[in-house]
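*Asks:* Provided below are the primary sequence and the corresponding predicted coordinates.
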Amino acid sequence: MEPMNLPVKKLDEKAQLPECAYEGDAGIDLRSLESASLAPFERAAVATGLAVAIPEGYAGFVLPRSGSAIKQGLSIVNAPGLIDSGYRGELKCILINLDAKQTIRIEPGDRIAQLVIMKVENVRLLEQAQLSETSRGEGGFGSSGTK
């Protein structure tokens, strides 16, 4: 499969270009441009020093890194963070420390999140008096059980 070209602009000379840890990874690691200290349950928008030009018909989704989540409790408040194709400003990650006891220290260059680019459909809403029936119907919030 041919890779998509994603234009990236460094907004700061200290910014590091994102990259995949392994060939074939869906997530592109984003690195912090700045130092930050997150006390338990504290949140902060952490700069990457980068802007991207996501092609029309696609969107960027900023997700937590699983290793940082399990080892430190580092997550993203609005997971996934959405980057629309028309946005050209700086990528910032809205991080949160979910560890109840330990402060998380972030240094410049630390991998803090991952960016996944996905195709999205252009949707036209059609108001309807009735929707089609399904076997699930209006069941939600645990309607399928736990086993």
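*Replies:* Perfect, thanks for sending it.

*Asks:* does residue 115 have beta-bridge partners, and which?
*Replies:* Counting by DSSP bridges, residue 115 is bridged to residue 28, residue 62.

*Asks:* does it really touch residue 60, like I thought?
*Replies:* Yes. Judged on CB atoms under 8 Å, residue 115 makes contact with residue 60 at a distance of 5.4 Å. Where C-beta positions appear, they are placed from N, C-alpha and C, glycine not excepted.

*Asks:* contacting residues for the closest residue to residue 17 other than its chain neighbours?
*Replies:* Among residues not flanking residue 17 along the chain, residue 8 sits closest, at 6.0 Å (CB to CB, 6 or more residues apart in numbering). Shown in contact with residue 8 (CB atoms under 8 Å, 6 or more residues apart in numbering): 17, 18, 50, 51, 52, 53.

*Asks:* what's the spacing between residue 8 and residue 122?
*Replies:* Counting by CB to CB, to the nearest Å, the separation of residue 8 from residue 122 is 24 Å.

*Asks:* Show me where this protein has its helices.
*Replies:* Along the chain, the stretches classed as helices by DSSP state H are 66-72.

*Asks:* Of all residues in it, which one is nearest the centre?
*Replies:* residue 62 (1.0 Å; CA atoms, centre = their mean).

*Asks:* Surely it and residue 117 touch.
*Replies:* No. Taking contacts as CB under 8 Å, residue 62 lies outside contact range of residue 117: 10.8 Å.

*Asks:* From the contacts of residue 8, pick the one nearest residue 126.
*Replies:* residue 53 (31.4 Å; CB to CB).

*Asks:* show me what contacts the closest one?
*Replies:* 6, 7, 8, 9, 88.

*Asks:* What count of nearby residues applies to the residue nearest to the fourth one when sequence neighbours are not counted?
*Replies:* Just to be clear, that refers to residue 9. Spatial nearest neighbour of residue 9, chain neighbours left out: residue 51 (4.6 Å); criterion: CB to CB, 6+ apart. Residues lying near residue 51 (other CB atoms under 10 Å) number 17.
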